[in-house]
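> task: produce atomic coordinates for the following.
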Amino acid sequence: MNFVKGKRKLTKSEKHSRREKIVSFIVLSVASVFFLLPLIYMLGNSFKTDLDLQLHPGSLFPSPGQWTLKHYSGFMAGKDGIDLLPVWMINSLWSSLATVGITLLLDLVTAYAVVFLKFKGKKVFMNILYAWMAVPGVITLAPSLTLFNALSSSIGVEGFAGNYAYIYFWLILPGCTGVYNMLLMRNFFLSIPNDIIDSAKSDGAGHFAIFRKIVCPLAKSTMMLIVLFTFTGAWNNLVWPQLLMSGKDPHFQTITVALAGYTGGGGYGKKGIEMATGVFALIPIFIIFLITQNKMIDGLASTGVKG
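Have a look, this model is predicted:
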């Protein structure tokens, strides 16, 4: 027989499968390098001295003897002498979490109504949502900003607290009105067997009980997926916060707006501080990913989204 002792010949399909795995490994490895390289560069350069940053701007890591932690304590100080990094982080954190909470509630309630309730105009309502998805967000920026400024003048928003609350209301609101996440939840609800819902109804359960005790527990994976998408989008949001906070007190800024100030030459401009701020800005995203990663794949599978 034509085989080496202890080994058998691979079939054509096995050879093809092995080649596919090798090619996939190479492609993913190269892609990972391109994705990780900016992060490694940012982390390494955050520990460089100012001199090393000037002499070796392209190197990934500090030169021997040129390590420092000063950039992590050298952030711009406010007028009252406090370090504004915690302020920016708190602004981004609470507004992102608020966006996640409101978005989850709206998506759950809307998807439940669309799937399990009968009401007139449901088809029209869904067509409006589909049409809204096709509208680029950049188109709504100018009218939204005009409305923001007009209402601010007519209402008479004054003082630090008033301006802060008004700005963040307008910052959070658009992040809660996206259609895509609601459709993800709707797709999952459509996959729930009707027998489960019918059985609950026959036992006397109303819509609120079905929603709270059956539908929501089953939707945990999809909810975690929406948490990841929504938090990441809200945390990384830049253009709209910049428009809202232009010319306002630095204490109003989110971490992304502050970071853009470093790179935009707005008086901050130190490379090391910019890199250190970027490292801090990545920490919450990394934590949210660790929390949701176990449920993320299940959520994608249950909503019909293919990776």
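> any weak-confidence spans in the stretch 151-300 of the chain?
262-269, 295-300 (pLDDT under 70).
> so where does the residue nearest in space to the middle of the chain fall, helix or strand?
What sits nearest the mean C-alpha location of the chain, by CA atoms, centre = their mean, is residue 232, with 1.0 Å. Take DSSP states H and E as the rule and residue 232 turns out to sit in helix 220-236.
> repeat that for residue 205.
Going by DSSP H and E, residue 205 is not in any helix or strand.
> separation between it and residue 195?
14 Å (CB to CB, to the nearest Å). All C-beta spots, glycine's among them, are computed from the backbone N, C-alpha and C.
> more neighbours, those two?
residue 205 (16 against 8; other CB atoms under 10 Å).
> against residue 176, how distant is that one?
29 Å.
> buried sites along the strand or helix carrying residue 29?
Assigned by DSSP H and E, residue 29 belongs to helix 12-45. Buried positions in helix 12-45, judged by neighbour count with 16 or more other CB atoms under 10 Å: 42, 43, 45.
> of the residues you listed, which is the nearest to residue 136?
When the buried residues of helix 12-45 are ranked by distance to residue 136 (CB to CB), residue 42 comes first, at 29.6 Å.
> looks like that closest one contacts residue 278 (just checking).
Yes - at 5.0 Å, residue 42 counts as touching residue 278 under the criterion of CB atoms under 8 Å.
> contact partners for residue 257?
Counting by CB atoms under 8 Å, 6 or more residues apart in numbering, residue 257 touches 88, 238, 241, 242, 245.
> pretty sure residue 186 sits against residue 109.
No - contact criterion CB under 8 Å: residue 186 and residue 109 do not qualify, at 11.5 Å.
> higher neighbour count, these two?
Neighbour count, other CB under 10 Å: between residue 186 and residue 109, residue 186 has more, with 21 against 13.
> quick one: name whatever helix or strand follows the helix or strand encompassing that one.
Under the criterion of DSSP H and E, residue 186 resides in helix 180-191. Reading on from helix 180-191 to the C-terminus, the next helix or strand found by DSSP H and E is helix 194-202.
> compute the inter-axis angle for that following helix and helix 180-191.
Between helix 194-202 and helix 180-191, the angle comes out at 80 degrees (axes from the mean of the first three to the mean of the last three CA atoms, to 10 degrees).
> which SSE is immediately downstream of helix 194-202?
Counting by DSSP H and E, what follows helix 194-202 is helix 207-210.
> buried residues, that next one. List them.
residue 210.
> identify the residues contacting it?
112, 116, 117, 197, 200, 201.
> so what's the third one up against?
Translated: residue 117. residue 207.
> hmm, try it at 7 Å
Residue 117 makes no contacts at all, as judged by CB atoms under 7 Å, 6 or more residues apart in numbering.
> how does the chain divide into domains?
12-70, 76-302 (automatic domain parsing).
> to the chain's geometric centre, what's the distance from the longest one?
Same thing as domain 76-302. Relative to the centre of its chain, domain 76-302 is centred 8 Å away, using CA atoms, centre = their mean, to the nearest Å.
> hmm, back to that, please pick the buried ones from the contacts of residue 257.
Buried among these by 16+ other CB under 10 Å: 88, 241, 242, 245.
> all strands of the protein, in order?
Assigned strands in the chain: none (criterion: DSSP state E).
> all helices of it, in order?
For the chain, applying DSSP state H gives helices covering 12-45, 50-55, 85-116, 122-133, 141-155, 159-175, 180-191, 194-202, 207-210, 216-218, 220-236, 239-245, 255-263, 271-302.
> got JSON lines for these, with distance to residue 61 too?
Shown next, in JSON lines, are these (distance: least, CB to CB, whole Å):
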{"stretch": "helix 12-45", "distance to residue 61": "4"}
{"stretch": "helix 50-55", "distance to residue 61": "10"}
{"stretch": "helix 85-116", "distance to residue 61": "23"}
{"stretch": "helix 122-133", "distance to residue 61": "44"}
{"stretch": "helix 141-155", "distance to residue 61": "40"}
{"stretch": "helix 159-175", "distance to residue 61": "37"}
{"stretch": "helix 180-191", "distance to residue 61": "39"}
{"stretch": "helix 194-202", "distance to residue 61": "56"}
{"stretch": "helix 207-210", "distance to residue 61": "56"}
{"stretch": "helix 216-218", "distance to residue 61": "47"}
{"stretch": "helix 220-236", "distance to residue 61": "26"}
{"stretch": "helix 239-245", "distance to residue 61": "32"}
{"stretch": "helix 255-263", "distance to residue 61": "21"}
{"stretch": "helix 271-302", "distance to residue 61": "12"}
